[in-house]
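*Asks:* need coordinates for the following:
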Amino acid sequence: MKSWFQKFRDKARKIRGQTYTLYLAYRHPATPWYAKVFAALVVAYAFSPIDLIPDFIPVLGYLDDILLVPLGITLAMKMIPEEALVSAQEQTAKELENLSPRGNYIAAIIVMIWLILLAMIVIYMIRFVQTVRIN
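*Replies:* Numbering: from 1, shown residues only. Model (predicted):
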């Protein structure tokens with residue numbers, strides 16, 4: 001019998017695989033433009049460290065990750081033609097077998113970009129406050 005943590009981890013892996021499938025289906029030539037736009041938004045939201053509801057807010061913080069991402073994946077997959085979806089699922093299965101740590105590096109780069117932007121905003125705000133005090 002699986003523990004709740006194992007079930008949660010399995011569900012997270014499934015969502016990660018579905019998100020990657022959606023990304024591959026987005027690139028398929030048979031996918032219509034409106035499905036590509038919606039799929040791109042869902043994939044960007046799924047991988048973005050910025051959420052509608054920040055994760056540090058208890059319970060509500062993870063609500064968007066638990067509900068919005070799977071809902072967006074489901075809706076996007078319904079918009080994509082069957083041939084594109086099957087092709088993307090097959091390619092996802094092949095690539096997840098040969099998983100590399102490249103995804104961790106990409107995540108680290110994204111986090112670094114957000115930290116640099118945050119630092120720039122803080123520096124700008126400090127300079128702004130100092131300018132206001134002088135005048």
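*Asks:* going forward, measure contacts between C-alpha atoms and count neighbours the same way
*Replies:* Fine.
*Asks:* OK, contacts around Ile50?
*Replies:* Not one residue lies near Ile50 by Cα atoms under 8 Å, 6 or more residues apart in numbering.
*Asks:* do a quick rundown of the helices in this protein.
*Replies:* 4-27, 33-47, 60-79, 82-97, 102-134 (DSSP state H).
*Asks:* residues near Ile110, how many?
*Replies:* Using other Cα atoms under 10 Å, Ile110 has 15 other residues around it.
*Asks:* out of the helices of the chain, which comes closest to Pro54?
*Replies:* Smallest distance to Pro54 across these (Cα to Cα): 5.1 Å, for helix 60-79.
*Asks:* only the buried residues of the closest one, if you could.
*Replies:* Neighbour-count burial for helix 60-79 flags Tyr62, Leu63, Asp64, Asp65, Leu68, Val69, Pro70, Gly72, Ile73, Ala76, Met77, Met79 (criterion: 16 or more other Cα atoms under 10 Å).
*Asks:* got the angle for it vs helix 33-47?
*Replies:* 150 degrees (axes from the mean of the first three to the mean of the last three Cα atoms, to 10 degrees).
*Asks:* tilt between helix 60-79 and helix 4-27?
*Replies:* Using the same axes, to 10 degrees: helix 60-79 against helix 4-27 is 40 degrees.
*Asks:* packing partners for helix 60-79?
*Replies:* If contacts are counted by 3 or more Cα pairs under 8 Å, 6 or more residues apart in numbering; DSSP states H and E, helix 60-79 sits against helix 4-27, helix 33-47.
*Asks:* how far out from the middle of the chain is the last one?
*Replies:* Here helix 33-47 is found 10 Å from its chain centre; the criterion is Cα atoms, centre = their mean, to the nearest Å.
*Asks:* cool, the longest one as well?
*Replies:* Between the centre of helix 4-27 and the centre of its chain there are 10 Å (Cα atoms, centre = their mean).
*Asks:* which residues touch that helix?
*Replies:* By Cα under 8 Å, 6+ apart, the list of residues contacting helix 4-27 reads 31, 35-36, 39-40, 43, 46, 70, 73, 76-77, 80, 84-85, 87-89, 91-92, 96.
*Asks:* out of the buried residues of helix 60-79, flag the one nearest to Ala108.
*Replies:* Closest to Ala108, out of all of the buried residues of helix 60-79 and judged by Cα to Cα, is Asp65, at 19.6 Å.
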